[in-house]
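*Asks:* next comes the sequence, and after it the predicted model I'd like to discuss.
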Amino acid sequence: MSDFPPEFPADNVVTTLLLDQLRRHPKRIVFTEGEDLRILQVAAYLVKEQAVAPILLGNRERIRALAAAHGVPLTFIHIIDPPTATDFGLFCRRMENMARYRTLQAADPAEIVARPHYFGALMVQYGQADAIVSGNQSQPAAFFRALIQTIKPLPHVAKIFATSVILGSHFKHLGNDGLLFLADCGLIPNPTVEDLASIALETGKLARHFLGRTPRVAMLSHSTNGSANTPDAKRMAAAAALARERAAAEFLEIDIAGEVQADVAIDPAAAEIKLPGAESRLAADVLVFPNLDAAHISLKLLQHLAGAQTYGQIILGLSRPAAQIARTASVETIFGTTAAVAVEAIKFHQLYPDSDY
């Protein structure tokens, strides 16, 4: 009996838009942990929709047996077992050069390249795939380490970070587009003013790409415009000021508010009371959190308590598109995350015209 439903997963306004774009510009997405039924189902569905050319890393026989056992077609799905790949030797030589010039401690490049995270990241770095999706069977740190050590960072971004996309049409104060971007939900424990400004601008660029309009970014705090005179509140205010300055210098169409409390950011009625002249202010599209704890806790509460559908995390600050998914991710989450990072790959050279993508 097949476990691959013909109408899977349920379409929504976001995934419909993403699939429409991908049918015109299909992308090659490498999944580093291919021995997973969820990944097989998502890959087969994306092929069925003519949206993505999936590349699965893992043992070829085990993947084929898993697909056969659950009735998942493998048509147009490319399977690569890294140690037996034709490019394995080439990647080992390139990894050896990276170790020499980037002080990566690797006694045996072959042992490193055989790891799917590293092999997949090298595929993306050297143009054999357009984006990478990983994390469904491993700890996030292993994937992040592979990305940092193999994919070039963007020179204008202080540190790489992670953005999650929230979809929740049932939420009272979610914008008309039904999307909310949260950052940084995965990487920087205690961001500096410089880090926070980069997070605000890069997530704002991503939001503008998805929304097609000027995004509204809120720098969150327990304070609104100096209502609390604490070091953390001052840090968020300074980050907001720096982000606005850089947005103006780079002619970026991003509206940045801060520091503001969460209710001010998402509830126009609260903003009207607490912000002078904010009578017509709309809800924020991007929430930038003061630290990783606040962001990650908020993300998990929205997922598991409020029933929000989340896509991501989308990794920003790298010269190639990447996404990390949780080990507990549903099929729909993996599908939406893959579609989102694939669409990011379509326009990546336009978002970062100075990169060598």
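*Replies:* Thanks, I have it.
*Asks:* what sits against the spatially closest residue to Leu187 that is not a sequence neighbour?
*Replies:* Once flanking residues are discounted, Leu187 sits nearest to Phe161: 4.9 Å by C-beta to C-beta, 6 or more residues apart in numbering. Quick note: C-beta positions are derived from backbone N, CA and C, even for glycine. Residues near Phe161 by C-beta atoms under 8 Å, 6 or more residues apart in numbering: 183-184, 186-188, 191, 195, 198-199, 202, 315-317.
*Asks:* which one of those residues is nearest Ser223?
*Replies:* Proximity of the contacts of Phe161 to Ser223 (C-beta to C-beta) peaks at Pro191, which lies at 16.8 Å.
*Asks:* residue contacts, that closest one?
*Replies:* Pro191 neighbours (C-beta under 8 Å, 6+ apart): Lys159, Phe161, Asp184, Ile199, Pro290, Asn291, Leu292.
*Asks:* per-residue confidence for the nearest residue to the third one once chain neighbours are set aside?
*Replies:* Excluding its sequence neighbours, the residue lying closest to Asp184 (C-beta to C-beta, 6+ apart) is Phe161, at 3.8 Å. As predicted, Phe161 sits at a pLDDT of 96.
*Asks:* what bridges to Phe161?
*Replies:* Beta-bridge partners of Phe161, counted by DSSP bridges, are Leu316.
*Asks:* mind listing the strands for the stretch 251-357 of the chain?
*Replies:* For the stretch 251-357 of the chain, the strands defined by DSSP state E, counting those that start in this stretch occupy 255-260, 286-288, 309-316, 322-324.
*Asks:* among the ones you listed, which is nearest Gly135?
*Replies:* Using C-beta to C-beta as the measure, strand 322-324 is the one of the strands of the stretch 251-357 of the chain that comes nearest Gly135, at 4.2 Å.
*Asks:* and the closest one, what does it pack against?
*Replies:* Helices and strands touching strand 322-324, as assessed by 3 or more C-beta pairs under 8 Å, 6 or more residues apart in numbering; DSSP states H and E, comprise strand 131-134, helix 140-150, strand 309-316, helix 331-351.
*Asks:* now those as JSON lines including distance to Asn225, mean neighbour count and mean pLDDT?
*Replies:* Shown next, in JSON lines, are these (distance: least, C-beta to C-beta, whole Å; neighbours: other C-beta atoms under 10 Å; pLDDT from 0 to 100):
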{"stretch": "strand 131-134", "distance to Asn225": "39", "mean neighbour count": "28", "mean pLDDT": "97"}
{"stretch": "helix 140-150", "distance to Asn225": "35", "mean neighbour count": "20", "mean pLDDT": "91"}
{"stretch": "strand 309-316", "distance to Asn225": "27", "mean neighbour count": "25", "mean pLDDT": "92"}
{"stretch": "helix 331-351", "distance to Asn225": "31", "mean neighbour count": "22", "mean pLDDT": "86"}
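*Asks:* ok, the closest residue to Val157 other than its chain neighbours - contacts?
*Replies:* In space, and not counting its chain neighbours, Val157 is closest to Gly317: 3.9 Å by C-beta to C-beta, 6+ apart. The neighbourhood of Gly317, defined by C-beta under 8 Å, 6+ apart, consists of Pro153, Leu154, Val157, Ala158, Lys159, Ile160, Phe161, Ser198, Glu202.
*Asks:* give the buried subset of these as a PyMOL selection command.
*Replies:* Selection of buried members from the contacts of Gly317 for PyMOL, criterion 16 or more other C-beta atoms under 10 Å:
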select buried, resi 154+157+158+159+160+161+198+202
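*Asks:* and which of the contacts of Gly317 is nearest Pro116?
*Replies:* Among these, Ile160 lies closest to Pro116 (C-beta to C-beta), at 19.7 Å.
*Asks:* out of the contacts of Phe161, which is nearest to Ser221?
*Replies:* Using C-beta to C-beta, Pro191 comes nearest to Ser221 of these, at 12.8 Å.
*Asks:* now that closest one: how far from Ala44?
*Replies:* Separation of Pro191 from Ala44 (C-beta to C-beta, to the nearest Å) stands at 39 Å.
*Asks:* please apply the same query to Ala51.
*Replies:* With C-beta to C-beta as the criterion, Ala51 and Ala44 are 12 Å apart.
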